[in-house]
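Visitor: task: produce atomic coordinates for the following.
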Amino acid sequence: MTEGLLGGVLGGEEDNPEIEAPQALAGAEAFAAAVAARLSGNDPGVALKTEAFLDKQAQLLEVQRKHLEEEHAARLHYLRGQAREVDIRRFGLRLRLGFQLVMALIAIFIGVGIVVMLHDAFTSRSVIVEPFDAPPALAARGLTGKVVASGLLDELSRLQSATRSSRSLLKRDLTNAWANQVTLSIPETGLSLGEISRVLKGRFGHDVHIDGDLIETPAGAFILTVRGSGVAPKSFTGPVTALNALTTAAAEYIYAQSEPLQWSFFLVNTGRYEEAIDFCQQAFDRIGPSDRPYLVENWAVALGSSGGSPRDVLALDRAAIKLKPDFWSGYANVIVDLRVLGDEESAWRMDQLLRKEAGGRPGRATEAPFSQEDWLAWNLPALLEIRRANADLNGGGGTFLSNAGPIIAEIEILLHDPESAELRIQTTRIDPKDVLGAETVHFVRSLMATEAGDVVRAETEMQAVATAYTDPAVSIDRPGDPCWIAPAEEAAGHPDKADAVLKTAGTYVDCYRFHGDILDSRGDWQGAQEWYAKSVELAPDLPAGYFSWGIALAKHGDLAGAEAKLNIANQRGPHWADPLKAWGDVLVKQGKIKDALSKYEEALKYAPHWKQLQEAREALAK
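Guide: As a prediction, the model looks like this:
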């Protein structure tokens, strides 16, 4: 009944919308009055009880409302505090993470530093010059121990910079012994990374520490004594005015004892060939096996440059390869030796062996050893790139026996680029002791004069070449140069001199083909062809003989024969522009304009600055 009564008073739940809690709390008294009024019509007692009950419920709801308001404020404050706490906690986590990251980076940095110091320690091969001992009386004259040590350091640095070695092109840990490693020891105070590094190098490294003393004898002479780890003590005596000479002698002694291989390079580079031969013989047993091939190489260079037997030089270079089968520069040396002996075909075959052993080109060898192949095959663009790269990597001078400038100029003039060759010559300073560089300059100037049609100057420069060629240091490195003297003499009107040169110049393809050219110019076509044939038989794998023969055949109207020879020359020397240009000229005479234009354009790839070739191509294109 009660349920029905309340249901009648309140009505069905489906008839009223859902009342939100705040609205119920706000209208409690009005609700109680409405209910009481409704029930008063039925039973006043029930109405009073209902009203009392509803009053109590209204009071309870009010209390709950106030409690909720107070609790809401507290809860809101609590939640805000929690939010701030979460933000602070997150910031703390980020801060801790950042700190840990920084510590990790510091640890990695320290670890890498330790690894680097250990690596430097184990691989260190420095020369450390300690301050020398000198009497206090000498200090008044400015000769303290530090001054003496500094003078020795300067001389060692000079020797180091004067050592030009082709070994800088090899990936070996041999050139690092002195490169930027000669330092003056200055004691440090306190513990530092420098001190730690010094201790590690002293314990695990292979540094050479040099010290010594300077004393003045009662007779007024200086005695400079040097000693060091692995360097036996040695004294040098001289007048007090010759301290610089004593320092130089002491530096050379230290350099020779601590770095015998580099010292052998220095002796060769400075033309002290007899000393180099004697030193290489004595040092062979006391240096490491990995250095011996290079020592033998220097021995061979010194022997050849001092007038030794070319066959003995060849034997030494072959021995170097036997010591080190992948000694690529050794193969190049053997190729030069064979060329010096006038056996260019064997030189070419040796080059093919180099290519095979190196696994092709490019392969395990660098490009430098293949320069001999490029000379033989007239691959002038590749040769120019090799020489330029070598010069750029070594301060412009290169690491070959002579300055790179004249060689680059020679290649440029052979590519018919006289402007570049002239600029290169003008900007190259030749050391007075560099007889090889001086000879090359004369050779280049003669070719430039020939290119310009100045036969008188061409002959004069070639006469200078002939004079320079009497020096074994020149002839051992530039085989075949005298062959070029003959055509210069012939062009200058001196046939007797040309014949004399050809009798003694040697068995070279250039000599044979130039002999053919000279006989042809004299009207002896039959004799000329015999010498062209000899040039081809001498070295059938080389292009130069076929080229000259093809040019001569074209002059005599045998265009088909000329084309055949020039075709072979192009096959033997595919990157040589001259046979392509001559082949194009023959095709023009045959009326094959399109084919001729193709040959000219191909030739321009290899000699882009050849003025006559450009003009021929432009004229044909029009």
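Visitor: wait, L156 sits on S126?
Guide: No. The pair L156 / S126 is not scored as a contact, 11.3 Å apart, by CB atoms under 8 Å. Glycine gets a C-beta too; all of them are placed from N, C-alpha and C.
Visitor: ok, the closest residue to P487 other than its chain neighbours - contacts?
Guide: Nearest non-adjacent residue to P487, counting by CB to CB, 6 or more residues apart in numbering: F514, 5.1 Å away. With contact set as CB atoms under 8 Å, 6 or more residues apart in numbering, F514 has these partners: C483, W484, A486, P487, L502, S548.
Visitor: list just the nearest of the residues you listed to A468.
Guide: Here the nearest of these to A468, counting by CB to CB, is W484; it sits at 13.0 Å.
Visitor: next, count neighbours for that closest one.
Guide: W484: 20 surrounding residues under other CB atoms under 10 Å.
Visitor: does it touch S446 like I think?
Guide: Yes. At 7.3 Å, W484 counts as touching S446 under the criterion of CB under 8 Å.
Visitor: who's more crowded, L156 and S126?
Guide: Neighbour totals were compared for L156 and S126, and L156 leads with 23 against 19 (other CB under 10 Å).
Visitor: center of this structure - which residue?
Guide: L393 (6.0 Å; CA atoms, centre = their mean).
Visitor: overlap of the contact sets of W484 and S446?
Guide: With CB under 8 Å, 6+ apart as the test, W484 and S446 both reach M462, V465.
Visitor: for the nearest residue to A603 once chain neighbours are set aside, what are its contacts?
Guide: Closest residue to A603 apart from its sequence neighbours, by CB to CB, 6+ apart: L580 at 3.7 Å. By CB under 8 Å, 6+ apart, the contact set of L580 is N570, K599, Y600, E602, A603, Y606.
Visitor: give me the helix or strand of the protein that scores worst on average pLDDT.
Guide: Within the chain, no helix or strand scores below helix 2-10, which has a mean of 40 by mean pLDDT, DSSP states H and E.
Visitor: which parts of the stretch 401-550 of the chain are helices?
Guide: Ranges of helices in the stretch 401-550 of the chain, per DSSP state H, counting those that start in this stretch, are 404-414, 418-426, 435-452, 455-469, 472-475, 485-491, 495-504, 509-521, 525-538, 544-555.
Visitor: can you lay out those as a markdown table showing mean pLDDT and distance to L214?
Guide: Converted to a markdown table, the helices of the stretch 401-550 of the chain look like this (pLDDT from 0 to 100; distance: least, CB to CB, whole Å):
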| stretch | mean pLDDT | distance to L214 |
| --- | --- | --- |
| helix 404-414 | 94 | 41 |
| helix 418-426 | 95 | 46 |
| helix 435-452 | 95 | 38 |
| helix 455-469 | 97 | 44 |
| helix 472-475 | 93 | 38 |
| helix 485-491 | 97 | 55 |
| helix 495-504 | 96 | 56 |
| helix 509-521 | 98 | 58 |
| helix 525-538 | 98 | 63 |
| helix 544-555 | 98 | 62 |
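Visitor: closest to G584 out of these?
Guide: Closest approach to G584 among the helices of the stretch 401-550 of the chain is made by helix 544-555 (11.1 Å; CB to CB).
Visitor: mind listing what's buried in that closest one?
Guide: Within helix 544-555, the residues that qualify as buried are A544, G545, Y546, F547, S548, W549, G550, I551, A552, L553, A554, counting by 16 or more other CB atoms under 10 Å.
Visitor: any idea which of the helices of the stretch 401-550 of the chain gets closest to Q281?
Guide: For Q281, the closest of those is helix 472-475, at 18.9 Å, according to CB to CB.
Visitor: for the stretch 301-450 of the chain, which spans come out with low pLDDT?
Guide: 394-402 (pLDDT under 70).
Visitor: the strands in it, which residues?
Guide: For the stretch 301-450 of the chain, strands defined by DSSP state E, counting those that start in this stretch do not occur.
Visitor: any idea whether T237 is helix, strand or coil?
Guide: The assignment at T237 comes out as strand when based on DSSP: H, G, I helix; E, B strand; the rest coil.
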